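# I would like the atomic coordinates for the input below:
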Amino acid sequence: MSTVATSPPALAWSVDNCTLGRAMAILGERWTVVVLREVFLGVRRFDDIRRHSGIPRQVLSNRLASLVEEGILRREPYQQEGSRVRHEYRLTDKGLELQPILLAISHWGDRHLADPGGPPTVFVHRGECAEPVHVEVRCAAGHHVDDPRHVATRPGPGVRPFEG
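Down below sits the predicted model:
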């Protein structure tokens, strides 16, 4: 029995303008995700983030500046009595849209990397219900897609031909 190797269709298009690559250029560094975790947990002040996460001061300063520049965080001034004005960091709407991504990564970590006692945190629906929250993949018709092999990639409106 012979098998004929066929090239994946994706080799026909360029990845130069890949939005996944662009997103990972912003989010793909470990400390960036740690900063986002802290802010999503409600830890918003520089010294609190540094102390809670263990991020080196200069690295934290750089990551916060980058996330503000990208429009993911915004700086809000605050002043404790007798102190200079400082800033805390709050998620913008663009930043809040990252929640499903971080939840999906957390759930993957819970399944594959948690200590024997279980995951360190759980995510629940805020309010009366307090039920666990999870991320689902659905198509535009509303079908639940529970197997990654049931998702296909097709060229989108911004596709460019691969010229390599």
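
# Is it correct that residue 26 is in contact with residue 70?
Yes: the criterion here is C-beta atoms under 8 Å, and residue 26 meets it with residue 70 at 5.4 Å. Quick note: C-beta positions are derived from backbone N, CA and C, even for glycine.

# And residue 40, how far from residue 132?
16 Å (C-beta to C-beta, to the nearest Å).

# So which of these two has more stuff around it?
Between residue 40 and residue 132, counting by other C-beta atoms under 10 Å, residue 40 is the more crowded of the two (17 against 10).

# so how far is the longest helix seen in the chain from its chain's centroid?
Secondary structure of the chain per DSSP state H: the longest helix is helix 99-113. Mean C-alpha position of helix 99-113 versus that of the full chain (C-alpha atoms, centre = their mean, to the nearest Å) differs by 10 Å.

# Can I get that helix in PDB, CA atoms only?
Output of helix 99-113 as PDB, limited to C-alpha atoms (Å, rounded to 0.1, in the frame of the first residue of the first chain):
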ATOM      1  CA  GLN A  99     -10.400  36.500  29.900                       C
ATOM      2  CA  PRO A 100     -11.600  33.500  27.900                       C
ATOM      3  CA  ILE A 101      -8.000  32.900  26.700                       C
ATOM      4  CA  LEU A 102      -6.600  33.000  30.200                       C
ATOM      5  CA  LEU A 103      -9.400  30.800  31.500                       C
ATOM      6  CA  ALA A 104      -8.700  28.300  28.700                       C
ATOM      7  CA  ILE A 105      -5.000  28.200  29.600                       C
ATOM      8  CA  SER A 106      -5.800  27.900  33.300                       C
ATOM      9  CA  HIS A 107      -8.200  25.000  32.600                       C
ATOM     10  CA  TRP A 108      -5.600  23.300  30.500                       C
ATOM     11  CA  GLY A 109      -3.100  23.800  33.300                       C
ATOM     12  CA  ASP A 110      -5.600  22.400  35.800                       C
ATOM     13  CA  ARG A 111      -6.000  19.300  33.800                       C
ATOM     14  CA  HIS A 112      -2.300  18.600  33.100                       C
ATOM     15  CA  LEU A 113      -0.200  20.500  35.600                       C
END
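
# other SSEs contacting the lowest-mean-pLDDT helix or strand in the chain?
Ranking every helix and strand in the chain by mean pLDDT, DSSP states H and E puts helix 19-27 at the bottom, with a mean of 92. With contacts taken as 3 or more C-beta pairs under 8 Å, 6 or more residues apart in numbering; DSSP states H and E, helix 19-27 sits against helix 30-40.

# With just CA atoms, put the helix it packs on into PDB.
Output of helix 30-40 as PDB, limited to C-alpha atoms (Å, rounded to 0.1, in the frame of the first residue of the first chain):
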ATOM      1  CA  ARG A  30       5.800  34.600  30.600                       C
ATOM      2  CA  TRP A  31       5.900  37.700  32.800                       C
ATOM      3  CA  THR A  32       3.200  39.400  30.600                       C
ATOM      4  CA  VAL A  33       0.800  36.600  31.400                       C
ATOM      5  CA  VAL A  34       1.700  36.700  35.100                       C
ATOM      6  CA  VAL A  35       1.000  40.500  35.100                       C
ATOM      7  CA  LEU A  36      -2.400  39.900  33.500                       C
ATOM      8  CA  ARG A  37      -3.200  37.100  36.000                       C
ATOM      9  CA  GLU A  38      -2.500  39.500  38.900                       C
ATOM     10  CA  VAL A  39      -4.600  42.300  37.500                       C
ATOM     11  CA  PHE A  40      -7.500  39.800  36.700                       C
END
